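Novice: sequence first, predicted coordinates after that:
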Amino acid sequence: MPEVHALPANVTVFERGWLSSNNILIHPASGEDGAMLVDSSHVNHVPQTVQLLRHALGDVPLARIVNTHLHSDHCGGNATLQGQFGAPVSVPHRSAAAVSAWPGDRLSYRATGQTCPPFALAGSFAPGDTLRAGGLDWQVLEAPGHDPDSVMLFEPAHGLLISADALWENGFGLVFPEISGEAGFGDVGRVLDNIERLPVRWVVPGHGAPFSDLAGALGRARSRLAAWQAAPERHARHALKVLVKYHLMEVRAEPIEQLVAWAEATPLLIGLRRHFPQAFGSDWGERAVQELTAAGALTMQDGIVRDA
């Protein structure tokens, strides 16, 4: 079961793990029409998300859902929550056109081989905007790097930063532009610098527990960034294993031949091998499974690979 954390500013955090991002519920202040939910989890976890929300909300309406970015672990619950709670969904402005043209190639689901049910778009917001929720002003901050369109939310009265995948307690998310052969590491560094300038007291990351040691987290993130900048092929190999592991978290179990066939047909992984040929041999798919199995992230028995 998820951990539930109560933070200042009428904020409840559902800590979900890795297949689903954390969900942040901002309870309404007097006079507001309902609560705001930041990120909605993966579609596989939607029944649990609904249960968590019903328990936390009671008779309070869910007035809106906002997404920090549109990866499947952050917005996979949007469609179901719209149906269950009648809550409109808003997304970062730069992603709005892609949602309107669903599925299209602008969203990441075809490229990554991941799943996200379509949802109706009600609005968008952009860096520089302020979202009013819980009687407080949440500043929208740009956070490219992990995803070019990603944003963070900062509430200055309590120093509370919803950092999404721009900063975790021990790192940050894959830098998807780099996987596609585009620049992204520089954006990661600039976002970390911008975070350091904020009067942050609490960080709610996209994955993992909320934390208050900002200096320590920034130091670890910068160390990871420097290592990947010095050897981009290390990031490429890490990305392959993360995406294979994530796929197994989605499907739970798959024959090794079918898993390798999925990897060889997934556009983002095809591009990864093209951009970093030195990082992968001809048996790259099977080797990734072997390394994940050796690390305890997957198990394999009788040719069936399972999420561990």
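Specialist: Perfect, I can see it now.

Novice: can we go C-alpha only for contacts and neighbour counts from here?
Specialist: Noted.

Novice: if I look at Arg287, what pLDDT would I see?
Specialist: Looking at Arg287, its pLDDT reads 85.

Novice: buried stuff in the helix or strand it falls within?
Specialist: Here Arg287 sits within helix 284-294, counting by DSSP states H and E. Going by neighbour count (16 or more other Cα atoms under 10 Å), the buried part of helix 284-294 is 284-285, 288-289, 292-293.

Novice: relative to Ala126, how far out is Ser100?
Specialist: Distance, Ser100 to Ala126, by Cα to Cα, to the nearest Å: 17 Å.

Novice: what ranges do the helices span in the stretch 51-200 of the chain?
Specialist: Using DSSP state H, counting those that start in this stretch, the helices of the stretch 51-200 of the chain run over 72-75, 78-85, 93-100, 109-112, 176-179, 185-197.

Novice: and the ones you listed, which is most packed in?
Specialist: The highest average neighbour count among the helices of the stretch 51-200 of the chain, using mean count of other Cα atoms under 10 Å, belongs to helix 72-75 at a mean of 26.

Novice: mind giving me the packing neighbours of it?
Specialist: The helices and strands touching helix 72-75, judged by 3 or more Cα pairs under 8 Å, 6 or more residues apart in numbering; DSSP states H and E, number zero.

Novice: send the alpha carbons of it over as CSV?
Specialist: Output of helix 72-75 as CSV, limited to C-alpha atoms (Å, rounded to 0.1, in the frame of the first residue of the first chain):
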residue,chain,number,x,y,z
SER,A,72,2.2,7.5,-18.5
ASP,A,73,3.1,7.2,-14.8
HIS,A,74,1.9,10.7,-14.1
CYS,A,75,-1.3,10.9,-16.2
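
Novice: ok but Ser40 is inside a strand, no?
Specialist: No. Using DSSP: H, G, I helix; E, B strand; the rest coil, the assignment for Ser40 is coil, not a strand.

Novice: contact partners for it?
Specialist: 21-23, 49, 65, 67, 73-78, 81 (Cα atoms under 8 Å, 6 or more residues apart in numbering).

Novice: now swap in Val140 and tell me
Specialist: Val140 neighbours (Cα under 8 Å, 6+ apart): 125-131, 151-154.

Novice: same thing but at 7 Å, please
Specialist: 126-130, 151-154 (Cα atoms under 7 Å, 6 or more residues apart in numbering).

Novice: got it, and Val46?
Specialist: Neighbour list for Val46: Gly77 [criterion: Cα under 7 Å, 6+ apart].

Novice: ok, back up a step: including distance to Pro61, could the contacts of Val140 go into a markdown table?
Specialist: Putting those into a markdown table (distance: Cα to Cα, whole Å) gives the following:
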| residue | distance to Pro61 |
| --- | --- |
| Ala126 | 25 |
| Pro127 | 27 |
| Gly128 | 27 |
| Asp129 | 24 |
| Thr130 | 21 |
| Val151 | 25 |
| Met152 | 24 |
| Leu153 | 22 |
| Phe154 | 23 |
